[in-house]
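S.K.: fold the following, please.
(chains A and B)
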2 protein chains.
Amino acid sequence: MRTIAIDMDGVLADVYRQFIDMHFRETGERLNPEQLKGLTEKEAFPYLYTHVNSEGFFKNAPLIPGAKKALENLSAKYRLFIVSAATEFPLSLTEKQAWLNLHFPFISWKQMVFCGSKEIIQTDIMIDDHFKNLDTFSGESYLFTQPHNALTSPGKHKRVHSWAEVENILLHHSYLTKTE
Amino acid sequence: MRTIAIDMDGVLADVYRQFIDMHFRETGERLNPEQLKGLTEKEAFPYLYTHVNSEGFFKNAPLIPGAKKALENLSAKYRLFIVSAATEFPLSLTEKQAWLNLHFPFISWKQMVFCGSKEIIQTDIMIDDHFKNLDTFSGESYLFTQPHNALTSPGKHKRVHSWAEVENILLHHSYLTKTE
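M.R.: Presented below is the predicted three-dimensional model:
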């Protein structure tokens, strides 16, 4: 079975919604994701480090639409690993694992990787919203669209805009028969 | 620079000393590591799961002799990653990171990986005390001696008994000039 490394923040967990909600509660200003296109997350959310270090930030993050169903479907054809940059924010480690256990009970602890750099991760496929993770990866790479990467050419990576699109590609009969 | 994936428990952290001390406090019986050779950790320590789920188990683990100095020296010639199976014990995640920060301040969060299975880790070299981690690894593999593996043939892996021995091999002039 082929293996997929799947990122959490911005791919499974909707951290933009968390950032936007926190920004609204603190400033009264409701940001629109359209306005944030092309800005780094740090540029879009000046209090980003305060937010991600807040208790509950990761634990209460909403799901990216379609993520749960997609992982259930992909699990039948691939071995999935959730690979999340987490060690920069030590508080996030247990919150992220609790969040995965809550929303993805079919993903076991054996399939979870919490790391800093992803450069030593080797799977057949990687799905991530950050170039820094995809650029050092040698397999088939998918750039999951988020406002911070929306205006940049995906380069050698394939851009995907939703989990429905990921499913269309990776579960399509012709793709599976080609790669199995 | 070549990369090394270094295990924590039984390689950097002396978990046998923790297990033996806890066993003594609970039963009054002082186990000798010599008696434990050839037994799995679970066979040697019937209360293993209670121990590793105790607060402080990982945070207060003593260092394997020579580990700190060896990693300082290896850091000059290799890129090091600490790769630890941690997601089976969610409490361990923050304790393990705190322990690394305390004893190895020169190892940054970017170099830490807390995972379940190590099968998707790709580095040039791996140092580990468990066959299950080394057997799926495709690079140069070193089996770090611990009582549980002491009576088993290392097979395709190279057995090392101490950090001094690891340094002798990986920092030896002839080895470095061959592989650089």
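
S.K.: for chain A, what lies in contact range of chain B?
M.R.: Residues of chain A that fall close to chain B, judged by C-beta under 8 Å from any C-beta of the partner chain: A:3, A:5, A:81, A:83, A:86-88, A:90-91, A:93-94, A:97-98, A:108-117, A:120-123. All C-beta spots, glycine's among them, are computed from the backbone N, C-alpha and C.

S.K.: make a PyMOL selection of the buried ones in the residues you listed.
M.R.: In PyMOL, this line selects whichever of those come out buried by 16 or more other C-beta atoms under 10 Å in any protein chain shown:
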select buried, chain A and resi 3+5+81+83+86+87+90+91+93+94+97+109+110+111+112+113+114+115+116+117+120+121+122+123
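
S.K.: what ranges does chain A have for its helices?
M.R.: Here chain A has its helices, by DSSP state H, at A:15-27, A:41-44, A:48-52, A:67-75, A:92-103, A:131-134, A:163-170, A:173-179.

S.K.: run through the residues that contact the residue of chain A most remote from its centre.
M.R.: Of all residues in chain A, residue A:28 has its C-alpha farthest from the mean position, at 27.5 Å, by C-alpha atoms, centre = their mean. For residue A:28, no contacting residues are found, by C-beta atoms under 8 Å, 6 or more residues apart in numbering or on different chains.

S.K.: please apply the same query to residue A:133.
M.R.: Taking C-beta under 8 Å, 6+ apart as the criterion, residue A:133 is in contact with A:7, A:85, A:118, A:126.

S.K.: what's the pLDDT at it?
M.R.: Per-residue confidence (pLDDT) for residue A:133: 97.

S.K.: one more: residue A:26?
M.R.: For residue A:26, the model assigns a pLDDT of 89.

S.K.: who are the contact partners of it?
M.R.: Residues near residue A:26 by C-beta under 8 Å, 6+ apart: residue A:47.

S.K.: how close does it sit to chain B?
M.R.: 26 Å (C-beta to the nearest C-beta, to the nearest Å).

S.K.: and the helix or strand bottoming out on mean pLDDT in chain A, which residues are buried?
M.R.: Taking mean pLDDT, DSSP states H and E as the measure, chain A has helix A:173-179 as its least confident helix or strand, at a mean of 84. Residues of helix A:173-179 classed as buried by neighbour count (16+ other C-beta under 10 Å): none.

S.K.: surely residue A:2 and residue A:125 touch.
M.R.: Yes: the pair residue A:2 / residue A:125 is scored as a contact, 6.6 Å apart, by C-beta atoms under 8 Å.

S.K.: can you list the residues that contact the strand ranked longest in chain A?
M.R.: The residue-count maximum for a strand in chain A (DSSP state E) belongs to strand A:79-85. Applying C-beta under 8 Å, 6+ apart, the external contacts of strand A:79-85 come out as A:1-9, A:12, A:71, A:74, A:96, A:100, A:104, A:107, A:111-118, A:121, A:123, A:126, A:133, B:120.

S.K.: how about 6 Å then?
M.R.: Here strand A:79-85 makes contact (C-beta atoms under 6 Å, 6 or more residues apart in numbering or on different chains) with A:1, A:3-6, A:8, A:96, A:111-114, A:121, B:120.

S.K.: check stretch A:109-121 too.
M.R.: So stretch A:109-121 is contacted by A:5, A:80-84, A:86-87, A:93, A:133, A:136, B:81, B:87-88, B:109-110, B:112-117, B:120-123 (C-beta under 6 Å, 6+ apart).

S.K.: quick one: average pLDDT of that stretch?
M.R.: The model assigns stretch A:109-121 a mean pLDDT of 97.

S.K.: skip the chain neighbours and tell me the closest residue to residue A:29.
M.R.: Distance criterion C-beta to C-beta, 6 or more residues apart in numbering or on different chains; nearest residue to residue A:29, sequence neighbours excluded, is residue A:23 at 6.6 Å.
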